[in-house]
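Visitor: Structure for this input, please:
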Amino acid sequence: MTGVYMCTCGTNISQRVSVDGVREAVERMPGTHCFRSGEFLCAESGAAWMADDIAKSGADRVVVAACSVRDHEETFRRVTAAAGRNPYLMQMVNIREHVAWVTEDQAQATAKAAAYVRAAMARVALHQELAREEIDASADAVVIGAGPAGLKAALGLAEAGRTVTLVERSPVIGGLPVLYEEIAPNLECGPCLLEPMLADVLHGPFSERLELLTMSEVTGVVGSYGNFTVTIRQAPRYVSPTLCMGCGECVAPCPVSVPGTFPGGLGGRKAIDFAFQGGLPNVPSIDPAACVRLSEGQACEACVTACPVEGAIVFDDVAQTHERRVGAILVATGASLYDCSHMPGLGHGRVPGVLTSLEFERMASSNGPTGATIVDGFGRAPARVGIVHCVGSLDPNHREYCSGVCCQNAFKYNQIVAHKLPGTEVVHLYKGICVPGKEEFRLYEQARKSETTTMVPFADISEVRVESRADGRPTLSLATTGGARSWDCDLVILCPAVVPSEGTKRVAALLELATDRHGFIEELHGRVDSARSKVRGVYAAGMCQAPMDIQKSVNQAMAATGYILSGLVSGRTITVEPVTAEVDAARCSACRTCLSVCPYSAITFDATADAASVNRVLCEGCGTCVAACPSAAIEGHHFTNAQIAAEIAEVLR
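Guide: Numbering: from 1, shown residues only. Just a heads-up that it's a prediction; the model follows:
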């Protein structure tokens, strides 16, 4: 028997929909059924009355005509279960938003509501008993990337008692900000800003729960939310992090020097060296391609002889593979800068003294290649500096979005130049100005009011060119429809768009994460769920998800941490909803269409069975695969073809 329960919702529904009219429509339906109505069935008293009435009436299937399914489907499933019935033998109809609130004529509204209720009765007759599944889950996590977002998340999880494996591909932690002398908008020292987090990760009160794997990359992930097995490959450092005391005595005697990537080859290193002065962990590493002993087999022991700690240099070090079972994965792989070679007219790599924003950050840093001395391409102090904003940003030919952080960095450079080289002229060419926030505008205001600063807008980056003068120094020019202008500069700083890093691309492919049209990791919802990816149990924080500053990165990291802590608790199981898809292996044609359309990466191909297979933990029951399957081999539980067809047929009757 089907029990139909109509909620009048005060006057929200009853003022437009006639209870008696719906009752009459229900009574005309074939089969055995009963009709009840009540006010505020979602309230505690209404829910208790309804559960009692279902049990007494003997109804084994339930239709609830009330308000939003999103608001109260789970409420009425609990009511149905409290009456001793399977909660999935209940079908809910929204006659408030879909009928009463949008249909003014009472007769029309009543007829519409009655049709919806009849359709639900036809559908619920075909419902099957389904059961939620409880599975054991690990409460631990892997965090990929040890920049500000990754560090903050790892510490938050460890502080809450979770075991965290922090994976970083470089020899040091902290990401790009530890390379910066000053951070916008308050010009704080980058390493100083992050030092408390760096110290806590390495030897803080919760560091015993935090495993740091530097020079490491995630190479494999199997399993699903609550039960991931993550494979991590750690490259050899050739220096023992437990024995080395970071004295650096091994560096100077090394006979091999490698040119740096900074223009002019500056910023080079020895075959054994630190990543940069002040980097943590304070342990050098050996470049096996540069070391004559490791690459050529020569009997060089210069570093071993100089090292005061026996056994700290480990030439026979080998790559290690680690496996960690965790419940969640947080991706914080950061971002990169747009390749300026796509705009050859700007002179990067061709004209001396043309730097990217990152290269200028290193020049201005005390641990950088020039020791914080700002020089042009010939080693002299510049008399005029050009700064080009929006290099690739806000441009449909390159990157159509605004990178957000570039403007405040550009105005930070204005302050750095003014502080280190008083009287130096600065010319800003900009497409747009972006300085949101309660503090960020100050750098812009200081630059705008400075007598040595000129600010000139442009419409398209193609209007901007940088060419070399006779003496080799750059000339910055702007050609617009209104005329042409040029400035003889000594140094030109390009502010490229923020783009997804290669690490982000690799991890997204490995984890089968959806990426947006720009290549960033796509969030579950851009406004209310930006810290969750579309794969359950995998979270994203920081610039791997979108261009953002440090504040937003660490806030997003803590949002992801909150999701992990609330969803995975030690000793508690996780619930798997039964409203999922299932593949009939006998009918599967092995075309793999479903794998390509699933937005949650919940489907894999089982070569043994020669058929697709759905992971119930990852499946969200969206039905995309059901619709796409050319063999009709996939069924959506609780949304079968027969159920949907019966519902449609009754509405149209």
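
Visitor: If residue 464 is in a bridge, with which residues?
Guide: Per DSSP bridges, the residues bridged to residue 464 are residue 478.

Visitor: I'd say it and residue 345 touch.
Guide: Yes. Using CB atoms under 8 Å, residue 464 is in contact with residue 345, at 7.3 Å. (C-beta placed from N, C-alpha, C; glycine too.)

Visitor: Check the spacing between residue 252 and residue 302 real quick.
Guide: 9 Å (CB to CB, to the nearest Å).

Visitor: In terms of neighbours, single out the busier of those two.
Guide: Each of residue 252 and residue 302 has its neighbours counted (other CB atoms under 10 Å); residue 302 has more, 18 against 11.

Visitor: Tell me the confidence at the more buried one?
Guide: As predicted, residue 302 sits at a pLDDT of 97.

Visitor: For it, give its distance to residue 288.
Guide: Counting by CB to CB - residue 302 and residue 288 are separated by 16 Å.

Visitor: What of residue 474?
Guide: Distance from residue 474 to residue 288, by CB to CB: 38 Å.

Visitor: quick one, which of those two is more surrounded?
Guide: residue 474 (27 against 15).

Visitor: rewinding a little: could you check which of residue 464 and residue 345 has the larger neighbour count?
Guide: Comparing residue 464 with residue 345 by other CB under 10 Å, the one with more neighbours is residue 464, at 25 against 14.

Visitor: Enumerate every residue touching the more buried one.
Guide: 345, 346, 388, 429, 458, 476, 477, 478 (CB atoms under 8 Å, 6 or more residues apart in numbering).

Visitor: which among the residues you listed gets closest to residue 236?
Guide: Of all those, residue 236 sits closest to residue 346, with 39.5 Å by CB to CB.

Visitor: Please name the nearest non-neighbouring residue to that closest one.
Guide: Excluding its sequence neighbours, the residue lying closest to residue 346 (CB to CB, 6 or more residues apart in numbering) is residue 466, at 5.1 Å.

Visitor: hang on, residue 493 is in a strand, isn't it?
Guide: Yes. Per DSSP: H, G, I helix; E, B strand; the rest coil, residue 493 lies within a strand segment.

Visitor: Is it bridged to anything, and to what?
Guide: Here residue 493, judged by DSSP bridges, has bridge partners residue 355, residue 387.

Visitor: Let me see the contact set for it.
Guide: Residue 493 sits in contact with 355, 356, 357, 360, 385, 386, 387, 388, 410, 413, where contact means CB under 8 Å, 6+ apart.

Visitor: Name the member of those with the most neighbours.
Guide: Most surrounded of the contacts of residue 493: other CB under 10 Å gives residue 385, at 30 neighbours.

Visitor: Check the gap between the nearest residue to residue 492 once chain neighbours are set aside and residue 495 for me.
Guide: Closest residue in space to residue 492, ignoring its immediate chain neighbours: residue 386 at 4.3 Å, by CB to CB, 6+ apart. Distance, residue 386 to residue 495, using CB to CB: 11 Å.

Visitor: same check, this time on residue 596
Guide: From residue 596 to residue 495 the distance is 38 Å (CB to CB).

Visitor: okay, these two: which has more neighbours?
Guide: A count of neighbours by other CB under 10 Å puts residue 495 above the other of residue 596 and residue 495, at 28 against 10.

Visitor: Isn't the more buried one up against residue 408?
Guide: No. With contact defined as CB under 8 Å, residue 495 does not reach residue 408; the gap is 10.3 Å.
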